[in-house]
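1. structure here, sequence nowhere to be found:
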């Protein structure tokens, strides 16, 4: 099983490297050097907090506004890692806060769209995000800096696409196919956590 997961990891990493190269061909020559990848990560955190306040404090469910903000947040996630690698601007801050920013963006939308009709899925999503954060915190406590692995990235891509689709068709009930994809994303975060633990305590 370990060998199969490792081979799968290498396969997805090659695809991600290709995505980076293609993206940077179009972005790198025009990217304003005053905007760092960390700025994008901070922007995603701000958007996530703003979405939470908008949805649950002000009860503002304007579809265009919510979809636009979530899309912008997901777009920053697509860019920040590629820009950091392409411009050699990877930082400890970015490595630590990138997955935290992902959770802050996703969880308000998960509450909004899943809590009433798919509560178990929502609870599992939150539980796994908490476990993922605790594993990362444990690694940092042992002075081990763990970058987001490819399975965590795939999980974020799947969830971003699904929640964007759910928001576009809201208030219709989420399509069962979209819910199935979210369950699949749970498998990816479990594998991501497994690889993080493997980095902290290598399996001989």
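-> Good, I have the coordinates. Only a predicted model underlies this, so the values are computations on that prediction, with no experimental measurement involved.

2. which helix or strand contains the residue most central in space within the chain?
-> The centre of the chain sits closest to residue 156, judged by CA atoms, centre = their mean, with a distance of 3.4 Å. Element membership of residue 156 [criterion: DSSP states H and E] is helix 150-169.

3. state the next helix or strand along the chain beyond that helix.
-> Per DSSP H and E, the helix or strand that comes after helix 150-169 is helix 176-200.

4. now the helix or strand of the chain with the lowest mean pLDDT against helix 150-169, angle please.
-> Least confident helix or strand of the chain, by mean pLDDT, DSSP states H and E, is helix 2-27 with a mean of 87. Angle between the axes of helix 2-27 and helix 150-169 is 60 degrees (criterion: axes from the mean of the first three to the mean of the last three CA atoms, to 10 degrees).

5. so which elements touch helix 2-27?
-> On a contact count with 3 or more CB pairs under 8 Å, 6 or more residues apart in numbering; DSSP states H and E, helix 2-27 meets helix 63-86, helix 150-169, helix 176-200. Using the backbone N, CA and C atoms, a C-beta is placed for each residue, glycine as well.

6. out of the ones you listed, which is the most enclosed?
-> Of these, the one with the most neighbours on average (mean count of other CB atoms under 10 Å) is helix 150-169, at a mean of 20.

7. mind giving me the packing neighbours of that helix?
-> helix 2-27, helix 63-86, helix 92-114, helix 176-200.

8. now do 10 Å
-> Judged by 3 or more CB pairs under 10 Å, 6 or more residues apart in numbering; DSSP states H and E, helix 150-169 is in contact with helix 2-27, helix 63-86, helix 92-114, helix 119-141, helix 176-200.

9. show me the shaky parts of this protein.
-> 1-2, 203-204 (pLDDT under 70).

10. list the contacts of residue 44.
-> 72-77, 79-80, 97-98, 100-102, 104-105 (CB atoms under 10 Å, 6 or more residues apart in numbering).

11. what's the helix or strand for it?
-> Residue 44 belongs to helix 37-56, assigned by DSSP H and E.

12. a markdown table please, covering the helices and strands packed on helix 150-169 and showing distance to residue 35.
-> Below are the helices and strands packed on helix 150-169 laid out as a markdown table (distance: least, CB to CB, whole Å):
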| stretch | distance to residue 35 |
| --- | --- |
| helix 2-27 | 11 |
| helix 63-86 | 8 |
| helix 92-114 | 13 |
| helix 119-141 | 26 |
| helix 176-200 | 28 |
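
13. any idea which of those gets closest to residue 37?
-> helix 63-86 (3.9 Å; CB to CB).

14. neighbours around the nearest residue to residue 65 once chain neighbours are set aside, how many?
-> Take residue 65 and drop its neighbours on the chain: the residue closest to it by CB to CB, 6 or more residues apart in numbering is residue 54, 7.3 Å away. Using other CB atoms under 10 Å, residue 54 has 19 neighbouring residues.

15. correct me if wrong: residue 54 contacts residue 109.
-> No: counting by CB atoms under 10 Å, residue 54 sits too far from residue 109 to count as a contact (11.0 Å).
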